[in-house]
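> Sequence and predicted model, in that order:
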Amino acid sequence: MKRSEINTILRQAKGFLAEHRFHLPPFAAWTPEQWRTKGPEAQEIAECQLGWDITDFGSGNFRQCGLFLFTVRNGRPANFRPMQGKVYAEKIMIVEVGQVTPLHFHWQKTEDIINRGGGKLVVQLYNSTRDEQLAGDEITVSLDGVTRQVPAGGKVTLGPGESITLPPRLYHAFWGEGSRVLVGEVSMVNDDRSDNRFHKPVGRFPQITEDEPPLHLLTVDYPNYYRRAG
């Protein structure tokens, strides 16, 4: 992805979040220059990958296959061993009409995906087999605490305020319908480095062509700008 495209997506996302009165934490506004001045006080943000996250999954076409995310809070996977500290995460996402997040599951993470406003969110589901392929059996899933059965490859449509609980190893893909969707995620600790299993191999993080300076840093940019002191 070109940095200019990422910057345009960021500006549009900030406008959409403002329309829906979703306020981001102060570090969302930090410039690259401000990041260069930060020391150990910002270590949690960098290590837990909090902040802006934009991907086209290696498709080269963000509007067709891509996702905008902002990780608001997150813990470390190591927190599960003593069950201390943050063992949870929260994201806000923006999903365009027909913009697909490809089929994937998580080995460890259970998550609630919530339609926070806008259009409808369509979620396609498959159980996984022992060898991590698509299973053909019926899925039992919880929608806002109500159990529902869905056939393999079936779709659930979430209107504003509705949510679905996705346990580990449940394949899911999603896209917007009708109009752009504001989507929340509340989950166990999120580990995008090692807890994503895509059915077909994709690039989780973008390869960026630097055709202009970044407006804000993406989480993948932190190593290039943040040098923790102490």
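Yes, it's here.
> Name the nearest residue to the residue positioned nearest the centre of the chain, sequence neighbours excluded.
Nearest residue to the geometric centre of the chain (Cα atoms, centre = their mean): Leu69, 4.7 Å. Using Cβ to Cβ, 6 or more residues apart in numbering and skipping the chain neighbours, the partner closest in space to Leu69 is Asp53 (4.2 Å). (C-beta placed from N, C-alpha, C; glycine too.)
> related to what we said a few turns ago, helices and strands around the helix or strand where the residue nearest to the centre of the chain lies, which ones?
Element membership for Leu69 (DSSP states H and E) is strand 67-74. Other helices and strands packing on strand 67-74, by 3 or more Cβ pairs under 8 Å, 6 or more residues apart in numbering; DSSP states H and E, are helix 3-19, strand 51-55, strand 88-95.
> okay if I get those as a markdown table plus distance to Gly119?
Below are the helices and strands packed on strand 67-74 laid out as a markdown table (distance: least, Cβ to Cβ, whole Å):
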| stretch | distance to Gly119 |
| --- | --- |
| helix 3-19 | 12 |
| strand 51-55 | 20 |
| strand 88-95 | 8 |
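> Could you export those as CSV, including distance to Pro102, mean pLDDT and mean neighbour count?
Shown next, in CSV, are the helices and strands packed on strand 67-74 (distance: least, Cβ to Cβ, whole Å; pLDDT from 0 to 100; neighbours: other Cβ atoms under 10 Å):
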stretch, distance to Pro102, mean pLDDT, mean neighbour count
helix 3-19, 18, 98, 16
strand 51-55, 11, 98, 23
strand 88-95, 13, 98, 21
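> Please confirm that Gly178 is located within a strand.
Yes: applying DSSP: H, G, I helix; E, B strand; the rest coil, one finds Gly178 inside a strand.
> Run a quick neighbour tally on the nearest residue to it once chain neighbours are set aside.
The shortest distance from Gly178 to any non-neighbouring residue, by Cβ to Cβ, 6+ apart, is to Gly119 (3.7 Å). Each residue near Gly119 was counted by other Cβ atoms under 10 Å, and the total is 18.
> just checking, Gly119 touches Trp175?
No: Gly119 lies out of contact with Trp175 (Cβ atoms under 8 Å); the separation is 10.1 Å.
> need the strands for the chain, in chain order.
Applying DSSP state E to the chain gives strands spanning 51-55, 67-74, 88-95, 101-105, 111-127, 139-143, 146-150, 155-158, 163-166, 170-188, 197-198.
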